[in-house]
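K.L.:
Have a look at this fold, sequence not included:
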């Protein structure tokens, strides 16, 4: 998902003013929080993640250089 699609999903999830969130990580965390989920996207917790049903999993577990997060 790109940032525009994430902003639309954030609005649909009840987040007001998602345009102030500029990164994919900020948007996904806001969506996770609005849904009552743990805000774990691209966190250190991803290494131990066992939730194979998570919609963010494929993007989250990719190896990404620290400076790009």
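P.N.:
Structure's in. What do you need? From a predicted model like this one, the values you see are computed outputs, not experimental measurements. Residues are numbered from 1 along each chain as shown.

K.L.:
dump the residue contacts of the spatially closest residue to residue 56 that is not a sequence neighbour.
P.N.:
Closest residue to residue 56 apart from its sequence neighbours, by CB to CB, 6 or more residues apart in numbering: residue 41 at 5.2 Å. Glycine gets a C-beta too; all of them are placed from N, C-alpha and C. By CB atoms under 8 Å, 6 or more residues apart in numbering, the contact set of residue 41 is 25, 28, 29, 32, 56, 59, 60.

K.L.:
ok, of those residues, which one's closest to residue 17?
P.N.:
The closest of these to residue 17 turns out to be residue 29 (CB to CB; 15.0 Å).

K.L.:
That closest one contacts residue 39, correct?
P.N.:
Yes. Taking contacts as CB atoms under 8 Å, residue 29 lies within contact range of residue 39: 4.3 Å.

K.L.:
the more surrounded of these two?
P.N.:
Comparing residue 29 with residue 39 by other CB atoms under 10 Å, the one with more neighbours is residue 29, at 19 against 14.
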